[in-house]
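J.: prediction below, plus the sequence it came from.
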Amino acid sequence: MNATRYPSFGVLLVDDEPDWLGSLSLTLESCAGISNITTCSDSRQVMEILAQDGMGLVLLDLTMPHLSGEELLDLIAERHPEISVIVISGLNQLEIAVRCMKKGAFDYFVKTDDQDRMIGGVLRAVRMQELQRDHREMAGRLNAPEIRHPEAFEAIVTRDRAMQAVFAYVEAVAKSPQPLLITGESGTGKELVARAAHIVSGCRGKLVTVNVAGLDDTVFADTLFGHVRGAYTGADQPRRGMVEESADGTLFLDEIGDLSLASQVKLLRLIQEGEYFPLGSDLPKRLKARIIVATHHDLAAREREGGFRRDLYYRLCTHRVHLPPLRERRCDIPLLLDYFLDEAAQTLGKKRSLLPKELAPLLASYAFPGNVRELRAMVHDAVSLQRDRTLSMDTFLQAVQRSQHERKTMPGDAPPQNPFSGFEELPTFSDAAAFLVLEAMQRANNNQTLAARFLGISQPALSKRLKQLKHP
């Protein structure tokens, strides 16, 4: 996405009347935010301009000296089929319009047509061109196995294949002006992915993050769109909104699934029309930022339940990535553990700890409902309480047990299911105990100390039971 002009590709205006070119340029920029404009009053220069690349849309007059608009339409369709052409003519004749459409014109307007109708057609052509370019870029990037900008993702510690696929997709759509939706459980790193997308986009502006959870409609509008002086009681000074703060950059809206229906309407208009009104103002401003949104909710389910607007949902789904939870990328746990140990030691001014051998099996067997954020908190807490050279297991065990207890006692949760309820024939106490011991040993990777802690018994008691299994 071009950081200074919109759209990212050029829009060429061709007409032999310089006054009309100037008027049309001003209209497109003031009413549609289209500023990446080149004008040409000599039809003989058009093909030379298009040969220089960078053009995506041509607005073409029909009646011109030297080369007519229809002749140029044929040449563009033959040599630059990827470029969209809109014919804007002084001739209001159905036969000519049909002939131009058959030759490949995207649309046909008469110069006396309603201005809003013409601008709407131009914006439709721009969006279609953007989608086609996005598709070509994505197809090329997703076929390329390497990550072109690994430095953008260096804050995300991973070697998981699913995460690498996420990186490739983000690179493919990073320059697209369409919204990017990032989904995933809390603590999976959605904001880090948004930051990486901003870096890869090459935007000159900054990344502006707004957590919209809990914002009522008025606060949401004031936060995003700002206000003019006197907009409401206490508005003594005008204030720029976050949309304006993120101009030429990225606006990241976190927890979008918690947005009220009234605020969803305002966000839809911002994305759909590309404009907004500061509170108290009747003069619209143009959106000049890329929008990225994130949520831990299932937006499809919320849309089916009536909690999220369908039109906004499909607008946000143009580009989307889902971040896998930590329990689905267990290969990353040792990497993250090592990374957070160094981070905690540096932050707290301590020497790097040695890891107890029971720690890796414990973490590998844990579901991590809080994902990467939870693991980081565990490590920092353990390092802060460190007394010996080797990191204590107690902090990790207490965190795991506390989390498991909280999940069991959450209000509204169904009581734990009896694992024996479906058995036609119940096992004996001895058999049930044996199965439990074997499962604990498997989860502990044959570490008796850890397996005993899983079972809530002493290590000697577990050792005795293991001997009984070998010599019944």
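T.: Happy to help now that I have it. Residues are numbered from 1 along each chain as shown.
J.: show me which residues of stretch 309-317 are buried.
T.: 309, 312-313, 315-316 (16 or more other Cβ atoms under 10 Å). Yep, even glycine has a C-beta here, placed from its N, CA and C like the rest.
J.: now for those residues: which two are most distant?
T.: Greatest spacing in these, by Cβ to Cβ: Arg309 and Leu316 (9.9 Å).
J.: just to check, His46 is in contact with Val14?
T.: Rather than His, residue 46 is Val. Yes: Val46 is within contact range of Val14, at 5.7 Å (criterion: Cβ atoms under 8 Å).
J.: which neighbours do the two share?
T.: Listed as contacting both Val46 and Val14 by Cβ atoms under 8 Å, 6 or more residues apart in numbering are 40, 58, 72.
J.: let me see the ranges of the strands in the stretch 51-200 of the chain.
T.: 55-60, 84-89, 107-110, 180-183 (DSSP state E, counting those that start in this stretch).
J.: tell me how this protein divides into domains.
T.: 10-138, 149-324, 327-408, 429-470 (automatic domain parsing).
J.: re the thing from before, dump the buried residues of stretch 309-317 to TSV, plus secondary structure, distance to Ile291 and pLDDT.
T.: Shown next, in TSV, are the buried residues of stretch 309-317 (DSSP: H, G, I helix; E, B strand; the rest coil; distance: Cβ to Cβ, whole Å; pLDDT from 0 to 100):
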residue	secondary structure	distance to Ile291	pLDDT
Arg309	coil	16	92
Leu312	helix	12	92
Tyr313	helix	14	92
Arg315	helix	10	87
Leu316	helix	9	92
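J.: out of these, which one sits closest to Phe225?
T.: Leu312 (16.7 Å).
J.: right, and the closest one touches Leu268 too?
T.: Yes: counting by Cβ under 8 Å, Leu312 touches Leu268, with 4.5 Å between them.
J.: neighbouring contacts of whichever helix or strand Leu268 is part of?
T.: If you go by DSSP states H and E, Leu268 is part of helix 261-273. The list of residues contacting helix 261-273 from outside it, by Cβ under 8 Å, 6+ apart, reads 179, 212, 215, 217, 220-221, 224-225, 243, 253, 259, 275-276, 287, 291, 307-309, 311-312, 315-316.
J.: apply 6 Å and report the result again.
T.: 217, 220-221, 276, 287, 309, 312, 315 (Cβ atoms under 6 Å, 6 or more residues apart in numbering).
J.: just send the residues you listed back as a markdown table, with distance to Thr158 too.
T.: Converted to a markdown table, the contacts of helix 261-273 look like this (distance: Cβ to Cβ, whole Å):
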| residue | distance to Thr158 |
| --- | --- |
| Asp217 | 38 |
| Phe220 | 33 |
| Ala221 | 38 |
| Tyr276 | 37 |
| Leu287 | 33 |
| Arg309 | 34 |
| Leu312 | 31 |
| Arg315 | 30 |
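J.: looking at these, which is nearest Leu348?
T.: Phe220 (38.4 Å).
J.: looking at the nearest residue to that closest one once chain neighbours are set aside now. What's its pLDDT?
T.: With Cβ to Cβ, 6 or more residues apart in numbering as the criterion, Phe220 has its nearest non-adjacent residue at 4.3 Å, and that residue is Ser263. Note on Ser263: pLDDT of 95.
J.: just to revisit the earlier point, out of the buried residues of stretch 309-317, who's nearest Ser89?
T.: Scanning the buried residues of stretch 309-317 for proximity to Ser89, where the rule is Cβ to Cβ, the winner is Arg315, at 32.9 Å.
J.: going along the chain, name the helices of the stretch 1-150 of the chain.
T.: 18-32, 46-51, 69-79, 94-102, 115-142 (DSSP state H, counting those that start in this stretch).
J.: what would those helices look like in TSV with mean pLDDT, distance to Pro361 and mean neighbour count?
T.: Output for those, formatted as TSV (pLDDT from 0 to 100; distance: least, Cβ to Cβ, whole Å; neighbours: other Cβ atoms under 10 Å):
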stretch	mean pLDDT	distance to Pro361	mean neighbour count
helix 18-32	91	60	15
helix 46-51	94	64	15
helix 69-79	92	65	17
helix 94-102	90	68	13
helix 115-142	81	37	16
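J.: how close does Ala433 sit to Ile86?
T.: From Ala433 over to Ile86 the distance is 78 Å, taken as Cβ to Cβ, to the nearest Å.
J.: roughly how far apart are Leu13 and Tyr108?
T.: In terms of Cβ to Cβ, Leu13 sits 16 Å off from Tyr108.
J.: and Gly257, by the same measure?
T.: For Gly257, the distance to Tyr108 - Cβ to Cβ - is 42 Å.
J.: re earlier: mind giving me CSV with the domains of the chain and columns for distance to Phe420?
T.: Shown next, in CSV, are the domains of the chain (distance: least, Cβ to Cβ, whole Å):
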stretch, distance to Phe420
domain 10-138, 51
domain 149-324, 31
domain 327-408, 18
domain 429-470, 8
